[in-house]
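> Can you look at this prediction? I've put the sequence above it.
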Amino acid sequence: MDREDPGPASPFYPVIVLANTANQPRARPSSGIPSPAVRSAAERRELLKAVYEEARGCVRCQLHQTRTTVVFGNGNANADLMFVGEAPGANEDRLGLPFVGQAGKLLDKLLAEIGLERKDVFVANTLKCRPPDNRDPHPGEIEACNEYLRSQVDLIEPTVICTLGNFATKLLRADSTGISRLHGREEVRIIGPRAVRLYPLYHPAAALYTPSMLEALRADFNRIPELLALGPPEQPSVLEVPELEEGDSIVVEQLPTSPEPEHAAQLGLF
Ligand code: SF4
C-alpha cells in the first residue's frame, strides 16, 4: 500500500489528461444495452471534478479529523485502465496525490515496462483520507468512502480495474478471498451498472520489500496489455424497455442540474 511508503516523492501528474480520443465518446460494447449517458472525455472530467469537490469537504468518517488533504486520485478521466490501492500514506496526505513515494515509483516503472505512463491511467484508493499512524482501514471507513470510489468507476468507465492489495480486492470483489490466491487472475465483475475486467495485483508497496512478490507483480503486470486488448466485457442488459402502444405516454422526471462549471474550473488538481 502506498501509505506504507516512506520514500521521497516521485514525479507525478497533477492534471487529468484527456486521452488521445480527445472529446469523443468511447465506443460501447456491441452487446447489451449501452449506458444512457455516453459521455465525452470532457464530460467525465467535469463530473469527476464535482465528485472531488464533494470529497474534499467530506466528514463522513473520523478520518476527516486527522487528514491534511483528501487524496481523491488522479490521472486520465477517460482511461481504460484504472488502479485502486488502499489508502493515502504520509507523502500522499501531504501532497494530495496517490502513489507519490517509492511504491509510486515502482508503479511508474512497471507501467513504463508495458508502454504506459501515469497520465494514461487513473489511480485512486479505497480510502480518500490517510488513516493515522498508517493503520489498516476500518470497515466503517471503507463503507463510508465507498461511494466516492463507485462514482469514480461509474464516471471513468474503465475496461480493466487493477486492485492493488487485499483491501481494494476484497472490496470490489465483495469477497474475503486474499490477494495471494487471486493475484493475476482476471475475472469479469459487475461494478455499479457495468461489467469490468477485474484484475487483482499485489500492492507495489508490499512488492518493494519481497523479491518474489515483485517478480509475481511484474509477471501479472505484463498481462495488462493483453486484457486491455480484449476490450470491454459483455455488458449486462439491465434495462427492459417496454414497447409503447398508441395512446401510451411517458413521464420524464426532472434531472438534477449539472455542477457549477466556474466553481469546478477553479480546481488545481485536474
Ligand atoms: S476517508 Fe472517505 S468517507 Fe472518510 S472522511 Fe475521507 S473522504 Fe470522507
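In hand now; what should we look at?
> Low-confidence ranges, the stretch 101-250 of the chain, go.
Scanning the stretch 101-250 of the chain for pLDDT under 70 picks out the ranges 238-250.
> And the strands in it?
Taking DSSP state E, counting those that start in this stretch, the strands of the stretch 101-250 of the chain run over residues 122-125, 160-164, 187-191, 194-201.
> Need the winner for burial among the ones you listed.
Ranked by mean neighbour count, those are led by strand 122-125 with a mean of 27 (mean count of other CB atoms under 10 Å). Just so you know, the C-beta spots here come from the backbone N, C-alpha and C atoms, and that holds for glycine as well.
> Tell me how far that one lies from the chain's centre.
4 Å (CA atoms, centre = their mean, to the nearest Å).
> do stretch 184-204 as well
Using CA atoms, centre = their mean, the offset of stretch 184-204 from its chain centre is 11 Å.
> Please save the CA atoms from stretch 177-186 in PDB.
What follows is stretch 177-186, C-alpha atoms only, in PDB (Å, rounded to 0.1, in the frame of the first residue of the first chain):
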ATOM      1  CA  THR A 177     -10.500 -14.200  -0.500                       C
ATOM      2  CA  GLY A 178      -7.000 -12.800  -0.100                       C
ATOM      3  CA  ILE A 179      -4.700 -11.400  -2.800                       C
ATOM      4  CA  SER A 180      -2.100 -14.200  -2.600                       C
ATOM      5  CA  ARG A 181      -4.800 -16.500  -4.000                       C
ATOM      6  CA  LEU A 182      -6.200 -14.100  -6.500                       C
ATOM      7  CA  HIS A 183      -3.400 -12.100  -8.000                       C
ATOM      8  CA  GLY A 184      -3.000 -12.400 -11.700                       C
ATOM      9  CA  ARG A 185      -6.500 -14.000 -12.200                       C
ATOM     10  CA  GLU A 186      -8.700 -11.700 -14.200                       C
END
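> mind listing what's buried in that stretch?
Ile179, Leu182, His183, Gly184, Glu186 (16 or more other CB atoms under 10 Å).
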